[in-house]
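Engineer: Fold the following and give me the result.
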Amino acid sequence: MSNNNNFRVEGWLIEPELLSITHPNKGKYTLQSKVMQVLLALLKAENQVVSKQSLMDQVWQDLVITENSLNQAISELRKIFGDSRKTPLFIETIPTKGYRFVAKVEPTSDTLTKKPSNHQLSVTLFSKIIIGVALSLFVLLALNWYKQSDEKLNLAVAPNGQSIAYFIEQSNGFYMHIKSTDETSVPQTVFIKRPETLAMGWSSDSSKIVYNATLSEDTYFSMNVFDLSSGKTKYYKAAKIKGRHKQDSLPENFNKPTGDVVHEEFNIDGQVVDRIEYSKGEYFSAYFVDGKITSFSWQSISDIEN
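Structural biologist: Next comes the predicted model:
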């Protein structure tokens, strides 16, 4: 089963290359890369049980993580599919063993390219120009509409399953939306310009979200932590050039309050990981690929010592 194949599952269209899951009545969702990889690993098993350790080895490979990362990915998939752990229609939990994808999976057929007829090839140059202009205008209008649409990007479910967060792109940048899954509380919104990547991660207690606010033109990394209960944001900066964190961690024009930063840099099989202290005994880590933040995770002192 190739990762480039698309699949249909109970009305859902799964497009791994686009990290997209779409349903005609339930909307379109863009997954985080790791969540899509978990889904693909379950699909590849073809209704067989996949152990938790096997899923973590396949998706996170040699990165050091806890089962919480896998549990969160499974929770996100269940929320999107509208699935239930007690009465699963998509992902079944096999106690002490792992997970099994139980819904029927069908690969989509490729669209065949038809050879144009001689009559079609005889279209005049003038007609081609008119058609080209019309298509260009249509594409521009479609792109503008798409940017204003409410497509949910990188949807992430909180570890407690009671909140979800996702990005929506608008003409002036991205907005991170945080709302309760039962929609009983007022949604919260955070504006982010146009970060290099749409990376974010929930804290273990589901009370905070760390997200990437780094712009490609910045000389420093920006990592912000939003506290859901207070509505306040804590700002962290670290220079992009190694060895200059003390000099460049904060830009000269940075005028927002920031906490003390404990910056530690280490490598896991070539992937740089920065661990930052949020509060006593609580840290978050930023994972980097090709010099860009791709994901976050949270740890407590006990997690780190173990």
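Engineer: Please make it C-alpha for all contacts and neighbour counts, starting now.
Structural biologist: Fine.
Engineer: Look up phi and psi at residue 68.
Structural biologist: Dihedral pair for residue 68: phi -60, psi -40, per degrees, to the nearest 10.
Engineer: ok, it - contacts?
Structural biologist: Residues in contact with residue 68 (CA atoms under 8 Å, 6 or more residues apart in numbering) are residue 159.
Engineer: if I look at it, how far off is residue 11?
Structural biologist: 29 Å (CA to CA, to the nearest Å).
Engineer: likewise residue 226?
Structural biologist: 35 Å.
Engineer: neighbour-wise, which of these two wins?
Structural biologist: More neighbours surround residue 226 than the other of residue 226 and residue 11, with 18 against 12 (other CA atoms under 10 Å).
Engineer: Now the element after the helix or strand encompassing that one, going C-ward?
Structural biologist: If you go by DSSP states H and E, residue 226 is part of strand 220-227. As assigned by DSSP H and E, the chain's next helix or strand after strand 220-227 is strand 233-239.
Engineer: and the angle for that following strand with strand 220-227?
Structural biologist: Interaxial angle, strand 233-239 versus strand 220-227 (axes from the mean of the first three to the mean of the last three CA atoms, to 10 degrees): 160 degrees.
Engineer: Per the annotation, how does the chain divide into domains?
Structural biologist: Following automatic domain parsing, one gets these domains for the chain: 7-107, 152-305.
Engineer: Do I have it right that residue 81 meets residue 90?
Structural biologist: Yes. At 7.5 Å, residue 81 counts as touching residue 90 under the criterion of CA atoms under 8 Å.
Engineer: Okay, helices next: where are they in the stretch 201-306 of the chain?
Structural biologist: Ranges of helices in the stretch 201-306 of the chain, per DSSP state H, counting those that start in this stretch, are 245-248, 301-305.
Engineer: weakest of those in terms of mean pLDDT?
Structural biologist: When those are compared by mean pLDDT, helix 245-248 comes last with a mean of 42.
Engineer: quick one: the strands in the stretch 151-300 of the chain?
Structural biologist: 152-157, 163-170, 173-180, 188-192, 200-202, 208-212, 220-227, 233-239, 263-268, 271-279, 282-289, 292-300 (DSSP state E, counting those that start in this stretch).
Engineer: Output the below-cut-off pLDDT ranges for the stretch 1-150 of the chain.
Structural biologist: 1-4, 62, 64, 109-150 (pLDDT under 70).
Engineer: now the strands for it?
Structural biologist: With DSSP E, counting those that start in this stretch as the criterion, the stretch 1-150 of the chain has strands spanning 7-9, 12-15, 20-23, 27-30, 50-51, 91-94, 98-101, 105-107.
Engineer: Pipe the strands of the stretch 151-300 of the chain into JSON lines and attach distance to residue 20 and mean pLDDT per row.
Structural biologist: Shown next, in JSON lines, are the strands of the stretch 151-300 of the chain (distance: least, CA to CA, whole Å; pLDDT from 0 to 100):
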{"stretch": "strand 152-157", "distance to residue 20": "9", "mean pLDDT": "82"}
{"stretch": "strand 163-170", "distance to residue 20": "14", "mean pLDDT": "87"}
{"stretch": "strand 173-180", "distance to residue 20": "18", "mean pLDDT": "87"}
{"stretch": "strand 188-192", "distance to residue 20": "22", "mean pLDDT": "85"}
{"stretch": "strand 200-202", "distance to residue 20": "18", "mean pLDDT": "90"}
{"stretch": "strand 208-212", "distance to residue 20": "21", "mean pLDDT": "92"}
{"stretch": "strand 220-227", "distance to residue 20": "26", "mean pLDDT": "85"}
{"stretch": "strand 233-239", "distance to residue 20": "30", "mean pLDDT": "78"}
{"stretch": "strand 263-268", "distance to residue 20": "29", "mean pLDDT": "48"}
{"stretch": "strand 271-279", "distance to residue 20": "26", "mean pLDDT": "69"}
{"stretch": "strand 282-289", "distance to residue 20": "21", "mean pLDDT": "80"}
{"stretch": "strand 292-300", "distance to residue 20": "17", "mean pLDDT": "81"}
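Engineer: Count the residues that sit near the nearest residue to residue 28 once chain neighbours are set aside.
Structural biologist: Once flanking residues are discounted, residue 28 sits nearest to residue 22: 4.2 Å by CA to CA, 6 or more residues apart in numbering. For residue 22, the tally of surrounding residues (other CA under 10 Å) stands at 17.
Engineer: This completes my enquiry, with thanks.
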